[in-house]
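Novice: let me see the structure of the following:
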Amino acid sequence: MTSRGDANPAANPSDDGHPEFKFSSHTSFEDLRAKVHTFAEERDWDQYHTPRNLLLAMVGEVGELSEIFQWKGEVKSGIPDWSEKDKVHLGQELSDVLIYLIRLAQKCHIDLPAAALDKIALNALKYPADRVKGSNKKYSEYEGEEEKR
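Specialist: Okay, the predicted model is just below:
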């Protein structure tokens with residue numbers, strides 16, 4: 001099965017009633033970066049892996065990922081109605097996007113896990129839970145609300 005995560009039935013259920021899904025803990029972003037780097041190096045593909053080319057390749061993969069969902073309508077969390085073949089295909093396309101993203105971050109010298117943590121912290125400031133819980137408004141719609149009260 002593609003979903004190799006550590007879903008623990010005893011864990012806190014998510015909003016959809018399913019156990020919280022977790023990624024496997026034995027592979028780090030650095031492990032993936034090193035594997036992708038070695039893979040490209042062994043094939044002498046580094047010459048083609050410019051930031052621009054990697055971004056365009058990743059966008060192409062996002063398009064392929066989008067095609068999987070294109071005519072399915074809303075999809076339930078955990079994709080319980082999907083065949084195993086479709087789940088494997090989804091995992092492959094998600095992996096393609098992730099691989100290009102990791103390679104792009106490497107070429108741009110961006111520590112992706114650190115950047116993601118910084119972005120989460122920034123989003124916490126832009127979207128304080130006590131003000132935005134249950135809302136899908138953009139942060140700019142909340143600016144100035146304090147002054148109106």
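
Novice: once you drop chain neighbours, what's closest to the residue nearest to the spatial centre of the chain?
Specialist: Centre of the chain computed as the mean C-alpha position; nearest residue by CA atoms, centre = their mean is residue 98, 7.2 Å away. In space, not counting the residues next to it along the chain, residue 98 is nearest to residue 32; the distance is 7.5 Å by CB to CB, 6 or more residues apart in numbering. Backbone N, C-alpha and C define where each C-beta goes, glycine included.

Novice: how many other residues sit next to the one you found?
Specialist: Under the neighbour criterion other CB atoms under 10 Å, residue 32 is assigned a count of 17.

Novice: that one contacts residue 102, correct?
Specialist: Yes. With contacts counted by CB atoms under 8 Å, residue 32 reaches residue 102, the gap being 5.5 Å.

Novice: against which helices or strands is the strand or helix carrying the residue nearest to residue 98 packed?
Specialist: Residue 32 belongs to helix 29-42 when assigned by DSSP states H and E. If you count contacts as 3 or more CB pairs under 8 Å, 6 or more residues apart in numbering; DSSP states H and E, helix 29-42 packs onto helix 84-107.

Novice: tell me how far the helix it packs on lies from the chain's centre.
Specialist: If you compare the mean C-alpha spot of helix 84-107 with that of the full chain, they lie 9 Å apart, counting by CA atoms, centre = their mean, to the nearest Å.

Novice: what mean pLDDT does it get?
Specialist: Across helix 84-107, the average pLDDT comes to 98.

Novice: list of residues touching that helix?
Specialist: Applying CB atoms under 8 Å, 6 or more residues apart in numbering, the set of residues contacting helix 84-107 from outside is 1-3, 29, 32-33, 36-37, 40, 49-51, 54-55, 57-58, 61-62, 64-65, 68, 79, 82, 111-112, 115.
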